[in-house]
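J.: predicted model follows, preceded by the sequence.
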Amino acid sequence: MDYTLLNGISSPADLRRLPRTELQRVADELRAYVLESVSKTGGHLGSNLGTVELTVALHYVFNTPEDRLVWDVGHQTYPHKVLTGRRDRMPTLRQIGGISGFPRRDESEYDTFGTGHSSTSISAAHGMAMAAKLKGENRKAVAIIGDGSMTAGMAFEALNNAGVAHGGLLGDVLVILNDNDMSISPPVGALNKYLARLMSGSFYTAAREGAKSVLKNTPLYEFARKFEEHTKGMVVPGTIFEEFGFNYVGPIDGHDLDTLVPMLENLRDKKGPQFLHIVTKKGAGYKLAEADPVKYHAASGKFDPAVGFVKPATPPKTTFTQVFGEWLCDMAEQDERLVGITPAMREGSGMVEFHQRFPQRYHDVGIAEQHSVTFAAGLACEGIKPVVAIYSTFLQRAYDQMVHDVAIQNLPVLFALDRAGLVGADGATHAGNYDIAFTRCIPNMAVLTPADENECRQALYTGFMHDGPVTVRYPRGAGAGVTPVKAMTAQPWGKGEVRRKGQRIAILAFGTLLYPSLEVAERLDATVANMRFVKPLDADLVAELARTHDALVTVEDGCVMGGAGSAVTEALSAAGISIPVLQLGLPDEFVEHGDPAKLMSLCGLDAAGIEASIVKRFGVKPSVVRAANERG
Ligand SMILES: Cc1ncc(C[n+]2csc(CCOP(=O)(O)OP(=O)(O)O)c2C)c(N)n1
Ligand SMILES: CC(=O)[C@@H](O)[C@H](O)COP(=O)(O)O
Ligand SMILES: [Mg+2]
């Protein structure tokens, strides 16, 4: 493909200089470019291909960046990045030092709001629209949100707020619902059914009074006018979005620029809250992605567009996610009270098989993390044993529910926390750095940090058997490669184990960093404990290691502040023990996107980094440790 038109576009102003008749060619080139680019870097695919025409139309019609575009989740912003001067940086996408896979305010003035987590766009755009009113500025704020992201309570909280005037001020916010009838998995829930009903009665809605002025000059207008003549006297019901105070228009074809552009032009000139419902196809223009949007949601690496995603020649190592998925099925077979819950992450959380085998005990609740936790609490009240499979980063959404609905009532809910620690290419928005810190301070909550695949299986079992709330955290990808033992055995509650006996320095490892710690210990002749539990912490083991060593080193793949190392220093302080402690973990800064192993190395959390930190703090030779101790 030659990119004749694209080559001439280094900003939306260049796009706006083109005649409207050229826009389809721009869209075709852009789609081809995005596919080519993602095939070389990996990254989100289906959503980007599906929003090409929308992106072209938005930048063509609106005066960006003066008018604000807020992209929900932001996984569909590659076409936007290309049109806003970042085409030359697309080969660096999601790599260290490269551009992000999501919008970033520090990356471009066209990225008006940073995203990554879903369902924030309407709130943010409403804030921007209200700010424009308060500052007397005449500009539009546009939220572009998918049908999956629309399922979150937060999106409805925003509609509820944006649809009415505040002190006489009503923001000029346009919400564009990009309905491709897909989340990452097939969509779920009543809203999806409602949108499907709107679709089936699409011309019916288009004929509505409120929509007519917006449709003027569009091909739909004449149709709507005629339709109305035929339906005179009929009571036309409003959409739910109109009940929220929005002027609803749609559904229209989101790939048809001849409809999209005049529609947006009309909406641009209208005051107050507007709602445009467009229909698109996830993966549009790339047959393989259209046929299997779940698979083509994202590419994990390079691929040949002519062939599509292929299985690697050598089977990849078993991931923690797979270990969880297998455990869940095994446990469900043993205990019919088990119910598995996911907030819209069936594939990512390893629950496809569980869904197939136990459909009545599988709940995809949509992108609704808060609800997922309180729903689990309700189930637990009735003697069901819920397992909430959730990414560490997305659990942040449901903190109050963990505290108020689960922990205060001491309900037996098992949280299977995937993507704990750094996740790599998705970067800071998706990193699971904080869960140890924010879960361990909740009374009644137990926090388990398995070190490898087998430990993960046994920890999940241990947590499931416990009569109270438990989190079991494990990282993205594979671990040390320890094949899980099929038999499930409860781990001694709140107990760690010494894995290597050495001298002077004791490394207390939490989670998968046990393995690099063991490597380091060989070189420094240190003791290594696999702590297993952050809470209840094995305070006896901590005291014993402090008594028999000159210094302690804590190692974890979570943030140092408030993390497992802090739990150790609190235990030492409570016992009145004074000993030098080096706390290693993730720094007090957001770690950006990139190769996860390289990022861990940059954070000093690979074997070389752990060793270097110990040597730096306590001296090269173990004997120097005592001197450091004496110095305090
Ligand atoms: C709070 C939150 N939960 C879960 C996710 C993971 N996630 C990313 S995209 C996505 C599906 C979004 O569906 P939709 O908004 O319809 O966009 P589409 O992928 O169809 O383009 C999900 C569940 C997320 N980013 N944020
Ligand atoms: C955009 C988003 O939130 C998801 O698509 C996320 O990128 C999935 O991450 P995993 O690849 O770790 O499942
Ligand atoms: Mg969707």
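T.: Okay, I see it. Ligands and ions are numbered 1, 2, ... in the order given.
J.: all helices for the stretch 451-600 of the chain, in order.
T.: Using DSSP state H, counting those that start in this stretch, the helices of the stretch 451-600 of the chain run over residues 453-465, 514-524, 539-548, 564-574, 596-602.
J.: what residues are up against the residue of the stretch 251-400 of the chain found nearest ligand 2?
T.: Per Cβ to the nearest ligand atom, the residue of the stretch 251-400 of the chain with the smallest distance to ligand 2 is residue 348, at 3.4 Å. No exception for glycine: its C-beta is placed from N, CA and C like everyone else's. By Cβ atoms under 8 Å, 6 or more residues apart in numbering, the contact set of residue 348 is 184, 321, 391, 418, 419.
J.: tell me the contacts of the one residue in the chain that gets nearest to ligand 3?
T.: Nearest to ligand 3, among the residues of the chain, is residue 146, at 3.7 Å (Cβ to the ion). Residues near residue 146 by Cβ under 8 Å, 6+ apart: 47, 72, 73, 76, 118, 177, 178, 179, 180, 183.
J.: let's see which of the residues you listed end up in helices.
T.: Using DSSP state H, the subset of those located in helices is residue 47.
J.: by neighbour count, which of the contacts of residue 146 wins?
T.: Neighbour counts for those, by other Cβ atoms under 10 Å, peak at residue 72, which reaches 30 neighbours.
J.: so how far is residue 154 from that one?
T.: Per Cβ to Cβ, to the nearest Å, residue 72 is found 10 Å from residue 154.
J.: quick check: neighbours shared by these two?
T.: Counting by Cβ under 8 Å, 6+ apart, the common neighbours of residue 72 and residue 154 are 119, 120.
J.: what does the stretch 351-500 of the chain have sitting close to ligand 2?
T.: Residues of the stretch 351-500 of the chain lying close to ligand 2 (Cβ under 6 Å from any ligand atom) are 419, 423, 426, 476.
J.: from what I can see the third one touches residue 115, true?
T.: The one in question is residue 426. No: using Cβ atoms under 8 Å, residue 426 is not in contact with residue 115; the gap is 11.6 Å.
J.: and for these two, which residues touch both?
T.: Both residue 426 and residue 115 are in contact with residue 102, where contact means Cβ under 8 Å, 6+ apart.
J.: within the helices and strands, which one has residue 363?
T.: In this assignment (DSSP states H and E), residue 363 forms part of strand 362-364.
J.: list the buried residues of the helix or strand just after that strand.
T.: Using DSSP H and E, the helix or strand that follows strand 362-364 in sequence is helix 369-381. Within helix 369-381, the residues that count as buried by 16 or more other Cβ atoms under 10 Å are 369, 370, 371, 372, 373, 374, 375, 376, 377, 379, 380.
J.: dihedrals phi and psi, residue 281?
T.: Note on residue 281: backbone dihedrals following degrees, to the nearest 10 are phi -110, psi 130.
J.: that one against residue 253, yeah?
T.: No: using Cβ under 8 Å as the test, residue 281 is too far from residue 253 to be in contact (9.9 Å).
J.: ok, residue 14 - contacts?
T.: residue 8.
J.: among the contacts of residue 348, which are in reach of ligand 1?
T.: Contacts with ligand 1 within the contacts of residue 348, as defined by Cβ under 6 Å from any ligand atom: residue 184.
J.: quick one: which of the contacts of residue 348 is most hemmed in?
T.: residue 419 (28 neighbours).
J.: residue 250 looks like it's in a strand, true?
T.: Yes: under DSSP: H, G, I helix; E, B strand; the rest coil, residue 250 falls within a strand.
J.: look at it and report its pLDDT.
T.: With respect to pLDDT, residue 250 scores 89.
J.: what's around it, how many residues?
T.: 26.
J.: do the one 3 residues further on as well
T.: A total of 17 residues lie near residue 253 under the criterion other Cβ under 10 Å.
J.: so, low pLDDT: which residues of the protein?
T.: For the chain, the stretches with pLDDT under 70 are 202-237, 620-632.
J.: for it, give the helix that spans the most residues.
T.: Longest helix in the chain by number of residues (criterion: DSSP H): helix 23-41.
J.: secondary structure for the contacts of residue 348 - can I get that in CSV?
T.: What follows is the contacts of residue 348, written out as CSV (three-state DSSP):
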residue, secondary structure
184, coil
321, helix
391, strand
418, strand
419, coil
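J.: so which residue of the stretch 151-300 of the chain comes closest to ligand 1?
T.: With Cβ to the nearest ligand atom as the measure, residue 183 is the residue of the stretch 151-300 of the chain nearest to ligand 1, at 4.0 Å.
J.: do the stretch 301-450 of the chain as well
T.: For the stretch 301-450 of the chain and ligand 1, the shortest gap (Cβ to the nearest ligand atom) falls at residue 344, measuring 3.9 Å.
J.: hmm, that residue is touching residue 150, no?
T.: No: look at residue 344 against residue 150 with Cβ under 8 Å: they stay out of range, at 11.7 Å.
J.: and the nearest residue to residue 345 once chain neighbours are set aside, what does it touch?
T.: Nearest non-adjacent residue to residue 345, counting by Cβ to Cβ, 6 or more residues apart in numbering: residue 391, 6.5 Å away. Contacts for residue 391 were tallied using Cβ under 8 Å, 6+ apart; they are 345, 348, 349, 417, 418, 419, 430, 432.
J.: beta partners of residue 391?
T.: Assessed by DSSP bridges, residue 391 has beta-bridge partners residue 418.
J.: find the nearest non-adjacent residue to residue 184, please.
T.: residue 297 is the one closest to residue 184 (Cβ to Cβ, 6+ apart), at 5.1 Å.
J.: that neighbour - how many residues pack around it?
T.: For residue 297, using other Cβ under 10 Å, the count is 21.
J.: just say helix, strand or coil for the residue of the stretch 301-450 of the chain closest to ligand 1.
T.: When classified by three-state DSSP, residue 344 comes out as coil.
J.: near it, how many residues? Count them for me, please.
T.: By other Cβ under 10 Å, 26 other residues sit near residue 344.
J.: what residues are up against the nearest residue in space to residue 402 that is not next to it in sequence?
T.: Using Cβ to Cβ, 6+ apart and skipping residues adjacent in sequence, the residue nearest residue 402 is residue 373, 5.9 Å away. Residue 373 sits next to 388, 395, 398, 401, 402, 405, 406, 413 when contact means Cβ under 8 Å, 6+ apart.
J.: go with 6 Å
T.: Residues near residue 373 by Cβ atoms under 6 Å, 6 or more residues apart in numbering: 398, 401, 402.
J.: so which of the residues you listed is the most crowded?
T.: Among those, residue 402 has the most neighbours (other Cβ under 10 Å), with 25 neighbours.
J.: looks to me like that one is in a helix.
T.: Yes: membership of residue 402 in a helix is supported by three-state DSSP.
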